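Engineer: Mind looking at a prediction? Sequence and model below.
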Amino acid sequence: MMKGKTILLGVTGGIAAYKAAALTSKLSQAGANVHVLMTESAAKMVGPATFQALSRNAVRLDTFEDSHPGAVSHIDLADRADVAVITPATANILAKMAHGLADDMLSTVMLATTAPIYVAPAMNVHMYENAATQQNMQTLRDRGVQFIEPGVGLLACGYVGKGRMAEPEEIVDVLKAHFQEKMSGHLAGKRVLVTAGGTVERLDPVRYLTNDSSGKMGFAIAAAARDMGAKVTLIAGKTAVSIPDGVELVNVVSALDMYEAVMSRFAETDLVVKAAAVADYRPEETAPGKIKKTGDTLTVKLVKNPDILQELGQRRSTQFLIGFAAETERLEENALDKLRRKNCDLLVANDVTREGAGFGTDTNLISIFDRNGLVEELPLVSKKEAAERLIAACCETHVGSRSSSRRSDCFCSYGYLSVLCR
Ligand code: CTP
């Protein structure tokens, strides 16, 4: 959710400024582009060099220090922000913001930005409870500033009470929820079809050919698309997980069943995610009765199943197609070959020999490719998180990864996702 997002991190002169360093590190690791703005008092608590090293961006203190003569830096930063967070926020910055003062870089940028602002106060309990501070906070709340409330505990000044800055993990969660919420309506009105699980190819009434797919990844994708407002149909083969609420479930058994179920719905679908592990071959005949043991060997003739994704790739008009590839070698080469052969927009590849990746696990290690190559390589994350990231990659404004400058265009400008971007 944070990848490519520009976060302004304001740090003011509280003892808890050291926690802001931990926060900078966590946000940067999550893929955010963090720009730290410090007050002079904050710089007496923690050196700007720490924030610069953690964010890999220049730290700003002085309104008049313009590193790029072509841009007015406080306005440029204010405009580029997806979100601003001030942590720790002293009583002083709250007062300045409440009264619209702009006498240093941070307060000026806060006045200039139209991005949502979060504030995590930290101060002595009496300063926090002072009517002036409370009134300033109410003024800011009324203007839409959101507060990440301080905790109660032993404060740096020796008092026990309310005023401890929220922990960095809590602030990360608030920001994640912020971006998630922003994405929640992105697929509103779109019809998404997800296939999941393994197909079952019958040899006889008691035996079949199948694979290790659990369906977890496809189910997580269905849930992620549902959470972004899509109307989701889940076509599921053999699975080992419970169905996400709020999606239409179509159970299928064989690859041929899945083929029918997908093709009959394709015309009215906007996005197809083919996460199912489809058997490439099926027994030419399914014996009506149990096959008896006769000779020392038994030969079963298999015939090719239709390649559902490939056929979708041939038939597609406006639909956006995402394929999957579970590989054991030459990941990128195989992924790009499948993507082109099957004419899909994105291909999600995972090396199932890597620990924590692939069939049956609750985690996955995926790389997302488009026609031009690698779009995104995710670390080992839960299948839920991988699914959310994949669906977000389909929807969000594309910032960053291919060029250092911000792009206000969305994925459709690369030739894909024309139907999904709103
Ligand atoms: N797929 C499909 N129909 C098939 C086989 C595969 O729709 N009969 C889809 C899968 O759902 C997946 C993608 O194609 O999204 C790649 O599947 P995979 O089994 O990795 O590729 P294959 O084309 O079967 O190639 P191979 O097995 O040789 O790696």
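Structural biologist: Sure, I can see it.

Engineer: quick one: the top helix by length along the chain to chain centroid distance?
Structural biologist: Counting residues, the longest helix found in the chain (DSSP state H) is helix 168-183. The chain centroid and the centroid of helix 168-183 are separated by 11 Å under C-alpha atoms, centre = their mean, to the nearest Å.

Engineer: Name the residues of it that are buried.
Structural biologist: 168, 171-172, 174-176, 178-179, 183 (16 or more other C-beta atoms under 10 Å). In short, each C-beta sits where N, CA and C put it, glycine included.

Engineer: and the residue lying closest to residue 49 once chain neighbours are set aside, how many neighbours does it have?
Structural biologist: Nearest in space to residue 49, with sequence neighbours left out and distances taken as C-beta to C-beta, 6 or more residues apart in numbering, is residue 59 at 8.0 Å. The local packing of residue 59 (other C-beta atoms under 10 Å) involves 23 other residues.

Engineer: Give me the contact list for stretch 15-23.
Structural biologist: 9, 11, 36, 42, 45-46, 50-51, 54, 87-88, 122, 156, 164-165, 167-168, 171-172 (C-beta atoms under 8 Å, 6 or more residues apart in numbering).

Engineer: In strands, which of those residues fall?
Structural biologist: 9, 11, 36, 87-88, 164 (DSSP state E).

Engineer: between the residues you listed, which has the most around it?
Structural biologist: residue 11 (33 neighbours).

Engineer: Okay, and the beta partners of that residue?
Structural biologist: For residue 11, the beta-bridge partners under DSSP bridges are residue 38.

Engineer: Touching, it and residue 34? I think so.
Structural biologist: No - in this structure residue 11 lies outside contact range of residue 34 using C-beta atoms under 8 Å: 11.0 Å.

Engineer: Can you classify the closest residue to the ligand within the stretch 51-200 of the chain as helix, strand or coil?
Structural biologist: Per C-beta to the nearest ligand atom, the residue of the stretch 51-200 of the chain with the smallest distance to the ligand is residue 195, at 6.2 Å. Put simply, residue 195 is strand when judged by DSSP: H, G, I helix; E, B strand; the rest coil.

Engineer: just checking, it touches residue 273?
Structural biologist: Yes - the criterion here is C-beta under 8 Å, and residue 195 meets it with residue 273 at 7.3 Å.

Engineer: Quickly list what's touching both of the two.
Structural biologist: With C-beta under 8 Å, 6+ apart as the test, residue 195 and residue 273 both reach residue 218.

Engineer: how many neighbours does residue 380 have?
Structural biologist: Residue 380 has 15 nearby residues by other C-beta under 10 Å.

Engineer: quick one, phi psi at it?
Structural biologist: Main-chain dihedrals, residue 380, degrees, to the nearest 10: phi -70, psi 120.

Engineer: how about the residues of the stretch 201-350 of the chain near the ligand?
Structural biologist: Selection of the stretch 201-350 of the chain residues close to the ligand by C-beta under 6 Å from any ligand atom yields 255, 274, 276, 278, 280, 305, 307-309, 323-326, 338.

Engineer: cutoff 5 Å now
Structural biologist: Proximity of the stretch 201-350 of the chain to the ligand (C-beta under 5 Å from any ligand atom) is limited to residues 274, 276, 278, 280, 305, 307-309, 323-325.

Engineer: of those residues, closest to residue 317?
Structural biologist: residue 309 (15.8 Å; C-beta to C-beta).

Engineer: Mind listing residues that contact the strand or helix carrying that closest one?
Structural biologist: Per DSSP states H and E, residue 309 falls inside helix 308-315. Contacting residues not belonging to helix 308-315 are listed as 195, 255, 258-259, 262-263, 266, 272, 274, 278, 319, 321, 323, 341-344 [C-beta under 8 Å, 6+ apart].

Engineer: and if we set it to 10 Å?
Structural biologist: For helix 308-315, the external contacting residues (C-beta atoms under 10 Å, 6 or more residues apart in numbering) are 193, 195, 199, 235, 255-256, 258-263, 266-267, 269, 272, 274, 276, 278, 307, 319, 321-324, 338-345, 347.

Engineer: ok, now stretch 327-334?
Structural biologist: Against stretch 327-334 from outside (C-beta under 10 Å, 6+ apart): 325-326, 335, 337-338, 347, 349-354, 358, 367, 369, 373-374, 377.

Engineer: Let me see the mean pLDDT of it.
Structural biologist: What stretch 327-334 shows for mean pLDDT is 93.

Engineer: just how off-centre is that stretch within its chain?
Structural biologist: On C-alpha atoms, centre = their mean, the centre of stretch 327-334 falls 24 Å from the chain's centre.
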